[in-house]
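S.K.: okay, predicted coordinates and the sequence, questions at the end:
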Amino acid sequence: SAMPVGSAAAAATGARRGRHMRIGCTGMVLSPERKAEMRALQHKRAALKEMLVRYDADKSGKLAQSELATLLTDLDLFSPKGTPPSDDEISFIMKVADQQQ
């Protein structure tokens, strides 16, 4: 089977540099560095998902405004402990999140 030209060039370049490269399931050639970056991203996403599940009190799969307020209150490192975010801050975050869906 054929390899995309960019992938072939990347494999050749990596081979010349003495690095081992593997072809991923998408047919892309992945350097060890890129694979490490992807693993780190997967771990970050898993940690974020775990955190969101913890704050999803009603188990809806989404954070309601009150749940988001609790999360932000607990994670805020800049305000005095226990200081909730303002309604404007919560509304802004909810608006941005809705636009990205």
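M.R.: Great, that's in hand. Numbers count the residues shown, from 1 in each chain.

S.K.: could you use CA atoms for every contact and neighbour count after this?
M.R.: Will do.

S.K.: which element is the most centrally placed residue in the chain on?
M.R.: Taking C-alpha atoms, centre = their mean, the centroid of the chain lies closest to Arg45, which sits 4.3 Å from it. Assigned by DSSP states H and E, Arg45 falls within helix 32-55.

S.K.: return the list of helices and strands in contact with that helix.
M.R.: When contacts are defined as 3 or more C-alpha pairs under 8 Å, 6 or more residues apart in numbering; DSSP states H and E, helix 32-55 packs onto helix 65-75.

S.K.: and with 6 Å instead?
M.R.: Packing contacts for helix 32-55, counted by 3 or more C-alpha pairs under 6 Å, 6 or more residues apart in numbering; DSSP states H and E, involve no helix or strand.

S.K.: would you mark the buried spots in that helix?
M.R.: Leu52, Val53, Tyr55 (16 or more other C-alpha atoms under 10 Å).

S.K.: and the last one, how far from Leu63?
M.R.: Yep, that's Tyr55 we're talking about. The spacing between Tyr55 and Leu63, counted by C-alpha to C-alpha, to the nearest Å, is 7 Å.

S.K.: repeat for Arg54
M.R.: Distance from Arg54 to Leu63, by C-alpha to C-alpha: 10 Å.

S.K.: now Asp56
M.R.: Taken as C-alpha to C-alpha, the span from Asp56 to Leu63 is 6 Å.

S.K.: equivalent analysis for Ala40, please.
M.R.: 25 Å.

S.K.: can you check Asp87 too?
M.R.: 15 Å.

S.K.: which of those two has more residues huddled nearby?
M.R.: Leu63 (18 against 11; other C-alpha atoms under 10 Å).

S.K.: now do the contacts for the more buried one.
M.R.: Asp56 (C-alpha atoms under 6 Å, 6 or more residues apart in numbering).

S.K.: how about 8 Å then?
M.R.: For Leu63, the contact set (C-alpha atoms under 8 Å, 6 or more residues apart in numbering) comprises Leu52, Tyr55, Asp56.
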